[in-house]
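this one's structure only:
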């Protein structure tokens, strides 16, 4: 079956005073219907930009994006609008992602209005239905965002994203701004919606425990590139790329009997502006050699497990 | 707050859509200075509007023998060099000063919003060209620009209003644009793009309403500023001309007598100062009431 | 839990019934409602809770740096080394801040003065607390501190905007540790940082603490960080400590329904589960706390008894505190 | 940094050109016949025509515009006054310093008093010091400067006879009353700006950091907070300078100070267009230079802005498909 989203060699560069910022560099993956791809990485690794580029909030620099098999990379105008209805996004910050001067219901119904396909009665019905779906009390219809807590605002954002019955949703750190107890409510909601509506998610986050919980497959990004991609379980059981290993070992475990043996990485992210051609992680990598200064290729180590590292055999 | 485990909803959510406006008014009503300001302003506007019925004398009724009379029960503010009643003239003067201020600011704000939105809508080169043109206009100190325009157009009420509003368009356009740039950083703008809102809809349905608070505040302050400037123009003989009882013009005419009869300059000046003062009270109150940081 | 300081009969840091309120817009925010804590030299106490639970307010009350407008310490005692800090005159308190007690803040992006060089900011705290006759050169000490936290001393005269987030937090740590404090208040020191940088910073703090035998109050919402760093744990909800014990007691036998809920809400790294177990509802409005137990509206075990009056602290034989009157029923259900 | 300054200076050329075209056009289309004004009502049609020819008024608009722009931007000559035939640049050389003295004295009074007043209000937020300062500031904004000028003249020159009411014969002392009457608005705005930006800064995290270090309250305010609060205050100073220059126009006419204001306003009344054009272009350039100085002052206060200026030279476009 055709995957819902397929991305080939996608690149997104931004012009900055210092040169080209390689936010997303040569990313390739696909997501099957009803599945969730987790995208993890530290701030500045390009994970949010990747999501936004796929749904055309940023124009891609190079590469191709396919939605249900159709190339949508260069779409404009009406065709782009039609494609966008199938791809939505849920944002990180529940405070800035809804218009503070609109009531909750008008935020939720705006996509319906803009689409021009529904009459007034249908819009009202669908809006009520959506609000019920994400668990916002009917009484909050005319409330303003500032009267709501972060968790409820995030539900409003979810309802807005669902309004046009999308196939694919980019969840851009949807729970990072929420407290643990609320975070669990929203994660359960997202999972329930996926099951009920057969949604396909790209779940962007920096929280490894969240991504493990929600994803089928996981991409680990470092400075714009995917360094490792494989099924979720495999990643946690058998990480292969040195960065993935370091990342996983850095997570403080709540298990006090088995404290993780931590490998602490030296240094910090190098600049994504005009990066050198070799492995971007080499500067911090304990296993780096001269071979790492050559451009790295993505290799399928075992079925479905991709790694971008030339020393993978020596490392493991 | 939560009386039950399921989503508790505070009472005011049942309120109608007006609640934003009501909230601002509630905030404003807590501010004593602002309330005083609004009260005085309403009284002033009423006095000015009803001047023909309230004023004890015609504003141009001369009474030469009674010239330079000091304030008394008969002439509250005294009389001027022609024996005209200064109280009546100040009342009539309010009509010109207040309406000049409001009209000029209304025009410049509306045009400023248009220019700013056009720049924001088209972006890129159009935005660039508009901003560079505004740079040129703003390179001339504001007062000088208004003096030159007023002198080109010649004296008169309408011409003064035009001179004042043209002079303030760049500032208000620039302010709107800066506000829009700031507001555009918010994720809800990206959200609107993702649900296919047109550029037009994003600007007029999302950006503009969110940029209005500072515009309202600055317009209120702008009316105050403009009233002073208008009086200044009349004062140097470029605005409304004597014998029309405009406050600045009255001051200008009274200047040569200020050594003998200081009351001629005191009352028109006080009228300007009071109006500007209360407008600032209201503006400050609005700023606080509209401040998103105070929400919640 | 920990042995008492032999010199005095009090623990090194001893907070008793601290109550802090804010007044804003005519409403009183009950931020901290009778918190008692104690901490010995060289130990670490983790203070865990969600946004708005009052964690930061407690730390700021210890240092007495709550905002002047509206905030008020309404009661309680804060004893450090036998001295009640809340009764000290401001001049004396100033000598303690940055010297005996120092603080690390959550957001390194905003915690440094943008128009002062990082070196000056470190040297300033050294200079302020020079004892009479002390010949330490503040600039030299600042350079030394930079090296200690892993920043080359050459960067002394650079400004904060030239540093990355992790580096800034290192500078903040250098400021906090420049005078070898006895007590370190760390307010979510790694929340704003990436996980690999968080590991670096936690390690750095742990190293330096061991070296100087500093006591630390670690404020966090991250159970993993607590598990890594702390000796004792206090769980705080709506300005009240609901559970207090050693790390082992709290992690292995969470007793308060809120603590149990908190653990249930975190996705488990080692087990697969289809659904998480969120806590229902929302944290209470601190201007209008529910009667009795503040957690009762969200608590699956709550009965009428819970909603009547303030709940007492129940202590098990091994000194594990829990502010809940339904402990037994819960223990039975949870097995 | 140097590149930035040069770029800004170069940018002033199109600005000045734009101002020149704007003012020239305004003057050209002003109703009324300058020849008539210059020669008086009794002049014959022949005299008028000769005068128009002499002033070049009979040429088409574009010819005159380009002649004028050539004079100004290539020969650096603002021309001569139609009435006195004196070189405009020479007159500006004499008159500009007086306007500058007036504006600078005003600015010093306004900011010298306004900043401390604002700090006082901010550090005593919601106490009586705050209310008093802010009510004073409101009154300061509200008082029209030309009215205050009249009142001050009545009080200090007419009644008390302490200070001169007119002219500049007494040196700096002559500028006291004009500066006092011109300063209220700027002073009040400065105090309000200082207060609000201090209040913002005082709530910032790094102020808490400073307190937690044991920094005494006085240096928290004056060392840590004020320097950060200065940035918006500098903006206010830039705007204030423009307003003060404008305000000086009217104040000069009241106190009879032979500066740029009286020069331009007098020439407007006499239809002496070259003076109005030259004076306005000159003031616009001065104003632009001042704005540049304000921007440089930012860089001096805030290292972040300095870094921004320094890096802007590296700006270049990045091609897609790189």
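Yep, that arrived. Just so it is clear, the structure is predicted and the values come from calculations on it, not from any experiment.

The residue lying closest to residue A:223 once chain neighbours are set aside and chain D, how far apart?
Sequence neighbours aside, residue A:280 is the residue nearest to residue A:223 in space, at 4.1 Å (criterion: Cβ to Cβ, 6 or more residues apart in numbering or on different chains). All C-beta atoms are positioned from the backbone trio N, CA, C, and that covers glycine. Computed as Cβ to the nearest Cβ, to the nearest Å, the residue A:280 to chain D distance reads 16 Å.

And residue 75, its phi and psi?
Going with chain A. Dihedral pair for residue A:75: phi -60, psi 150, per degrees, to the nearest 10.

you looked at the wrong chain, it should be chain C
Per-residue torsions, residue C:75: phi -180, psi 170 (degrees, to the nearest 10).

Where does the prediction get shaky in the chain?
Using chain A. A:259-261 (pLDDT under 70).

ah, I was thinking of chain C
Within chain C, the segments meeting pLDDT under 70 span C:1-8, C:334-335.

What parts of it come near chain D?
When proximity is defined as Cβ under 8 Å from any Cβ of the partner chain, chain C approaches chain D at C:60, C:63, C:65, C:67, C:69, C:94-99, C:102-103, C:105, C:107, C:110-116, C:124-125, C:128-129, C:159, C:161-162, C:172, C:175.

How about the stretch 1-150 of chain B?
B:132-133, B:135-137, B:139-144, B:147-149.

how close does residue B:125 get to residue A:305?
49 Å (Cβ to Cβ, to the nearest Å).

The residue positioned nearest the centre of chain D: which element?
By Cα atoms, centre = their mean, chain D has its centre lying nearest to residue D:242, at 2.8 Å. Using DSSP states H and E, residue D:242 sits in helix D:226-255.

so where do the helices sit in the chain?
Using chain A. Using DSSP state H, the helices of chain A run over residues A:47-54, A:77-86, A:104-115, A:120-134, A:150-162, A:180-197, A:208-214, A:232-237, A:242-250, A:312-315.

I was thinking of chain D, sorry if that wasn't clear
Going by DSSP H, chain D shows helices at D:2-28, D:34-39, D:45-55, D:61-73, D:88-123, D:128-142, D:145-152, D:176-202, D:205-212, D:217-219, D:226-255, D:260-269, D:273-301, D:303-311.

repeat for chain C
With helices called from DSSP H, chain C shows them at C:55-63, C:90-96, C:108-111, C:118-128, C:138-148, C:165-177, C:195-212, C:223-229, C:247-252, C:257-265, C:327-334.

For those helices, could you give me CSV that also reports distance to residue D:128?
Shown next, in CSV, are the helices of chain C (distance: least, Cβ to Cβ, whole Å):
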stretch, distance to residue D:128
helix C:55-63, 27
helix C:90-96, 22
helix C:108-111, 32
helix C:118-128, 32
helix C:138-148, 39
helix C:165-177, 36
helix C:195-212, 45
helix C:223-229, 47
helix C:247-252, 50
helix C:257-265, 46
helix C:327-334, 54
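
residue contacts, residue 64?
This is for chain A. Applying Cβ atoms under 8 Å, 6 or more residues apart in numbering or on different chains to residue A:64 gives the contacts A:7, A:8, A:9, A:10, A:71, A:73.

wrong chain, I was asking about chain B
Taking Cβ under 8 Å, 6+ apart as the criterion, residue B:64 is in contact with B:82, B:83.

next one: residue B:156
Contact analysis of residue B:156 by Cβ under 8 Å, 6+ apart lists B:240, B:241.

mind checking how far it is from residue C:204?
In terms of Cβ to Cβ, residue B:156 sits 75 Å off from residue C:204.

swap in residue B:264?
In this view, residue B:264 and residue C:204 are 77 Å apart by Cβ to Cβ.

before we move on, what about residue C:304?
Residue C:304 sits 50 Å away from residue C:204, going by Cβ to Cβ.

Which of the two has more residues huddled nearby?
residue C:204 (21 against 8; other Cβ atoms under 10 Å in any protein chain shown).

Would you mind confirming that the more buried one is in contact with residue C:173?
Yes. With contact defined as Cβ atoms under 8 Å, residue C:204 and residue C:173 form a contacting pair (6.5 Å).
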